[in-house]
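>>> structure, please.
(chains A and B)
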Amino acid sequence: MLIIGERLNTSRKQAAEAAEKFAATFIKAEAEAQLQAGAHFLDVNAGTFAEREMEYLLWMAKTLRAEVDAPLCIDSSDPVVIREALRICGKGMMVNSISAEKDTYAAVLPLIKEHECKVVALCMGDGGIPTEFENKLEIGCELVETLLRDGIAADDIYIDPLIMAVSTAQDGGVVALRMIQEVRNRYPGVHAVCGLSNISFGLPERRLLNRIFLVAAMSAGLDAVILDPLDKQMMASLIAAKTVLGRDEYCSQYLAAFRAHKLEQ
Amino acid sequence: MADLRQLSEALQKGDMETVKKLTSDALNEGLSPARILSDGLIAGMDIVGEKFKKNEMYIPEVLIAARAMHAGLSILQPKLVETGAKPVGKIAIGTVKGDLHDIGKNLVGMMLRGAGFEVLDLGIDVSTEKFVEAAKQEGVQIVGMSALLSTTMPHLKMVIEALHQAGLTSKVKIMVGGAPITQRYADEIGADGYAPDAASGVDKARQLLGIA
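Coordinates of the predicted model:
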């Protein structure tokens, strides 16, 4: 299970303040805490700053690459920002994201090829985010096939079904689960990733819903996730889910987590 | 005797059948459609909005209440037209160009309708020209824009500039909202109003039109 730590996102107040003050110590500490808690990639996003996104994201990327030994997940909807960030970071990063939108696809594809990146592929096209399972599957499959045809390795593709909130679309969760299952079955080697917080939008006790959805999604074949690794309950659920889903040989990770007091509620 | 408080309560619970029945009963007993609307349906939706703002009610509950309101409204509508009752205001809403988010915008629309506004929903991915066209329409007093992405926020400003250029800013007030939007940003781009959530959006619209 690939874990992408989500804390270095300026939609979080503390991260925004750190970016504005160029507080390298805070950024470094957040990165290290996430890695310590099990993150493999560190998502960096400065999208809330609009005009200054470039400046802040590049600064975060530069700081992290100098201070921390972990690959980054460059999270931006602006291909120019992605391009500049990848120039700083070098090879082996992840890009969040590409989609089936024509302009986005054309702009991002050469970047991930040049810098040998993994890529989060969003199931949406120029017609927006499909809500029906059939439409979503069609767009998702076409996107995967186009990426493969354009020379991206299956192992570098992380398909994101784009979860709709259950508060407004009752079957938002089910559609995403079916997507994960279907894509993973059809394209061996292609990964499935998602963020968890959308599912619970508009409802109380969101962390509970996020956690339950994670387990359901893992059972459907989710093998990468964007989350807050410092959320102890979430991480404990993730570890336990791996064990019950047969992804933990001799239950060794579960037992290691137990001994490290990571499973205590 | 039809009880408008009961109607309001049924609406808050999202009990569509009871809302329909009580609305018809009230009409049959000769209550004015305008009063059934304001003291029954709008009163109920106002409470839903208040509770939503305070996290005492949640989105699915707002949606089910809105469905009940529409059921009541569809019974009242023909009578309202007959009696010539006017909506409290007319507002055009939409999500800006390049932005496909509709949940928040739809909630705002529901709340406004629930408060007695006539709502012209322009949809998502709405071009600057389309907003300007809507602002020109007869009776439109407010243009409400939503942007949920940092990359689409600049469109708010572009539409406001276009409205200025078209000389429409004396005719319409401009409201903005969406997750990344703040009061500061709204002030910066010259919007007349900003609201952090759908229920506050109704308050702001009323305030802009000078409705108590």
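>>> which parts of chain A sit against chain B?
Taking Cβ under 8 Å from any Cβ of the partner chain as the contact definition, chain A meets chain B at A:11, A:47-51, A:53, A:77-78, A:124, A:128-129, A:165, A:167-168, A:201-204. Where C-beta positions appear, they are placed from N, C-alpha and C, glycine not excepted.
>>> again, 7 Å this time
Residues of chain A found near chain B (Cβ under 7 Å from any Cβ of the partner chain) are A:47-50, A:53, A:77-78, A:128-129, A:165, A:167-168, A:202-204.
>>> farthest pair in these?
Greatest spatial distance among the residues of chain A next to chain B (Cβ to Cβ): A:Asp78 and A:Pro204, at 34.0 Å.
>>> looking at the two, which is more packed in?
Legend: neighbour count by other Cβ atoms under 10 Å in any protein chain shown for A:Asp78 and A:Pro204, higher for A:Asp78 (18 against 9).
>>> and that one, what does it touch?
Taking Cβ atoms under 7 Å, 6 or more residues apart in numbering or on different chains as the criterion, A:Asp78 is in contact with A:Glu53, B:Thr151.
>>> repeat that with 8 Å
The neighbourhood of A:Asp78, defined by Cβ atoms under 8 Å, 6 or more residues apart in numbering or on different chains, consists of A:Glu53, A:Met54, B:Thr151.
>>> burial count for the last one?
A total of 18 residues lie near B:Thr151 under the criterion other Cβ under 10 Å.
>>> does it touch A:Gly47 like I think?
Yes - at 7.2 Å, B:Thr151 counts as touching A:Gly47 under the criterion of Cβ atoms under 8 Å.
>>> mutual contacts of the two, please.
Common neighbours of B:Thr151 and A:Gly47, counting by Cβ under 8 Å, 6+ apart, are A:Ser77.
>>> helices and strands around the helix or strand of chain A with the lowest mean pLDDT, which ones?
Ranking every helix and strand in chain A by mean pLDDT, DSSP states H and E puts helix A:13-20 at the bottom, with a mean of 92. Packing partners of helix A:13-20 (3 or more Cβ pairs under 8 Å, 6 or more residues apart in numbering or on different chains; DSSP states H and E): strand A:2-9, helix A:24-36, helix A:53-67.
>>> swap in 10 Å and give it another go.
On a contact count with 3 or more Cβ pairs under 10 Å, 6 or more residues apart in numbering or on different chains; DSSP states H and E, helix A:13-20 meets strand A:2-9, helix A:24-36, strand A:41-45, helix A:53-67.
>>> out of these, flag the one nearest B:Ala66.
Of all the helices and strands packed on helix A:13-20, it is strand A:2-9 that lies closest to B:Ala66, at 32.0 Å by Cβ to Cβ.
>>> just put the contacts of A:Asp78 in CSV and tack on distance to A:Ala66 and pLDDT.
Listed next are the contacts of A:Asp78 as CSV, based on distance: Cβ to Cβ, whole Å; pLDDT from 0 to 100:
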residue, distance to A:Ala66, pLDDT
A:Glu53, 20, 90
A:Met54, 18, 94
B:Thr151, 28, 76
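>>> kindly indicate which of those residues lies nearest B:Ala34.
Among the contacts of A:Asp78, and counting by Cβ to Cβ, the member closest to B:Ala34 is B:Thr151, at 43.9 Å.
>>> spit out the contact partners of that closest one.
By Cβ atoms under 10 Å, 6 or more residues apart in numbering or on different chains, the contact list for B:Thr151 reads A:Gly47, A:Ala50, A:Glu53, A:Ser76, A:Ser77, A:Asp78, A:Val81, B:Gly98, B:Asp99, B:Pro180.
>>> out of these, who's nearest B:Lys171?
Proximity of the contacts of B:Thr151 to B:Lys171 (Cβ to Cβ) peaks at B:Asp99, which lies at 24.8 Å.
>>> torsion angles phi and psi at the closest residue to chain B within the stretch 101-250 of chain A?
Among all residues of the stretch 101-250 of chain A, A:Gly202 sits closest to chain B, at 3.2 Å; criterion: Cβ to the nearest Cβ. When read as degrees, to the nearest 10, the backbone of A:Gly202 gives phi 80, psi 10.
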